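Asks: Predicted coordinates and the sequence they were generated for:
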Amino acid sequence: MLTWAVERAQTLSKRYLRLDCDDLRPRLRAVYQSFGFRDRSERQITAYFVSRYE
């Protein structure tokens, strides 16, 4: 699905594709990073902390 999302964003000439995930999910964060996404920020949304990748 990530490959499709990246390709779709490129097809649509999007400069960024942002993915958010729970800050406490290191394996998911590693997957995002392995696809070349960079950690841009952390944010608290209600009681949850999320990492934002682009």
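Replies: Sure, I can see it.
Asks: For the residue nearest the centre of the chain, give me its contacts.
Replies: Central residue of the chain (CA atoms, centre = their mean): residue 19, 2.6 Å from the mean position. Residue 19 makes contact with 32, 37, 52, 53, 54 under the criterion CB atoms under 8 Å, 6 or more residues apart in numbering. (Each C-beta comes from the backbone N, C-alpha and C, glycine too.)
Asks: please redo it, this time with the cut-off set to 6 Å
Replies: If you count contacts by CB atoms under 6 Å, 6 or more residues apart in numbering, residue 19 has them with 32, 53.
Asks: Mind listing the residues bridging to it?
Replies: Under the criterion DSSP bridges, residue 19 forms beta bridges with residue 53.
Asks: ok, now how distant is it from residue 29?
Replies: For residue 19, the distance to residue 29 (CB to CB, to the nearest Å) stands at 10 Å.
Asks: Which parts of this structure are helices?
Replies: In order along the chain, the chain carries the following helices (DSSP state H): 2-11, 26-34.
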